[in-house]
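Engineer: Take a look and give me a structure for this.
(chains A and B)
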Amino acid sequence: AQTVTQSQPEMSVQEAETVTLSCTYDTSESDYYLFWYKQPPSRQMILVIRQEAYKQQNATENRFSVNFQKAAKSFSLKISDSQLGDAAMYFCAYRGPYAQGAQKLVFGQGTRLTINP
Amino acid sequence: KAGVTQTPRYLIKTRGQQVTLSCSPISGHRSVSWYQQTPGQGLQFLFEYFSETQRNKGNFPGRFSGRQFSNSRSEMNVSTLELGDSALYLCASSLVGQGRNEAFFGQGTRLTVV
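Structural biologist: As a prediction, the model looks like this:
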């Protein structure tokens, strides 16, 4: 079974600085998808960024970027120029190959990110 | 375009009762998944429905069930509620196919069992 591990229960960063959240996963598949979701106090899960395993290029969305190391099964999230609105719980998630059809997400335990003004 | 809508937002039930939660997906999304979120167990997959059929099921007892209607709206039901069922229940909808088929989540239903 696939597993996702986030080893940092909590992280904090000064506003405007850069922070990196770690995620490792375990799978025997070669084709899969990885995601970072953000869950603010409102509790709604918001997609931050996604990465297809077959793509070697790291995904980037504005201030958010990932470092995808397929061989190491590592998928870290870098947030640049941190803003107060980035404070939230961040979850790393894995989804299996498209060919399997199902949309099941496997989540890590989450990292609570605090932004210090 | 309206997002994923879950109703009700909050619910308080007594142990032994049953409860039904509703989820309306984004228009055009035919896949609906349900997750349970608790402080102890984190986010756990309950089940997924596509075209009114359950495609995948997590490791939950049979007290947890669901269904999907022809308009893709989905309901989940929990019978004989236990205190441990208190959780945030999240619904997610997605397109199915290659490409941008990520899951979009609703705001959740907070269930408290007393």
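
Engineer: For residue A:32, see how far away residue A:70 is.
Structural biologist: The spacing between residue A:70 and residue A:32, counted by C-beta to C-beta, to the nearest Å, is 10 Å. C-beta here means a position set from N, CA and C on the backbone, and glycine is covered the same way.

Engineer: between these two, who's got more neighbours?
Structural biologist: Counting neighbours by other C-beta atoms under 10 Å in any protein chain shown for residue A:70 and for residue A:32 shows that residue A:32 has the greater number, 21 against 15.

Engineer: Contact partners for that one?
Structural biologist: By C-beta atoms under 8 Å, 6 or more residues apart in numbering or on different chains, residue A:32 lies in contact with A:53, A:94, A:95, A:96, A:97.

Engineer: Could you measure from the residue nearest to the last one when sequence neighbours are not counted over to residue A:72?
Structural biologist: It stands for residue A:97. Leaving aside its sequence neighbours, residue A:97 sits nearest to residue A:31 (C-beta to C-beta, 6 or more residues apart in numbering or on different chains; 4.3 Å). In this view, residue A:31 and residue A:72 are 17 Å apart by C-beta to C-beta.

Engineer: Packing partners of the lowest-mean-pLDDT helix or strand in chain B?
Structural biologist: Least confident helix or strand of chain B, by mean pLDDT, DSSP states H and E, is strand B:53-57 with a mean of 90. In terms of contacts (3 or more C-beta pairs under 8 Å, 6 or more residues apart in numbering or on different chains; DSSP states H and E), strand B:53-57 is packed against strand B:42-50.
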